[in-house]
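Enquirer: Dropping a prediction and its sequence here:
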Amino acid sequence: MTTNREKTGDTLIDVVPLSETTWRVCDTRCDEGDSRHIVGYIHSIAGGYEVMWMRPRPGVTYRYATFEDAVRETSRRMRLVRRPG
């Protein structure tokens, strides 16, 4: 397991590996102690990757063919969301 953050090229999200198959997606616009900081999780599943959102509606999931697709689409969705606060 790597402890380095994934390089996303994006300033809105931070993708942090938790295990070989799970990453936490954080909103960099919120402080780490803020409950809005964690926006979801990316899980490696058979045949692709699943993003489970924690906000605005916890439990909503989307599936993607690649890790890069999951990160790119998560970033795109975050750009559509107003700055928390």
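Expert: Sure thing, it's come through.
Enquirer: State the number of residues packed around the nearest residue to residue 48 once chain neighbours are set aside.
Expert: Distances taken as CB to CB, 6 or more residues apart in numbering place residue 65 nearest to residue 48, at 5.1 Å, with adjacent residues excluded. Using the backbone N, CA and C atoms, a C-beta is placed for each residue, glycine as well. Look at residue 65: counted by other CB atoms under 10 Å, it has 10 neighbours.
Enquirer: Looking at residue 65 now. What's its pLDDT?
Expert: You'll see residue 65 listed with a pLDDT of 97.
Enquirer: How about residue 12?
Expert: Value listed for residue 12 in the pLDDT field: 81.
Enquirer: For it, which non-adjacent residue is spatially closest?
Expert: Nearest non-adjacent residue to residue 12, counting by CB to CB, 6+ apart: residue 78, 4.7 Å away.
Enquirer: what helix or strand does that neighbour sit in?
Expert: Per DSSP states H and E: residue 78 is located in helix 67-80.
Enquirer: which residues touch that helix?
Expert: The contact list for helix 67-80 (CB atoms under 8 Å, 6 or more residues apart in numbering) reads 6, 8, 10, 12-13, 15, 25, 27, 39-40, 42, 44, 49-51, 62, 64.
Enquirer: cutoff 6 Å now
Expert: 8, 10, 12-13, 15, 25, 42, 49, 51, 64 (CB atoms under 6 Å, 6 or more residues apart in numbering).
Enquirer: roughly how far apart are the residue nearest to residue 48 and residue 57?
Expert: 23 Å (CB to CB, to the nearest Å).
Enquirer: now the residue nearest the centre of the chain, which residues is it bridged with?
Expert: Nearest to the geometric centre of the chain sits residue 25, at 2.7 Å (CA atoms, centre = their mean). Per DSSP bridges, the residues bridged to residue 25 are residue 15, residue 40.
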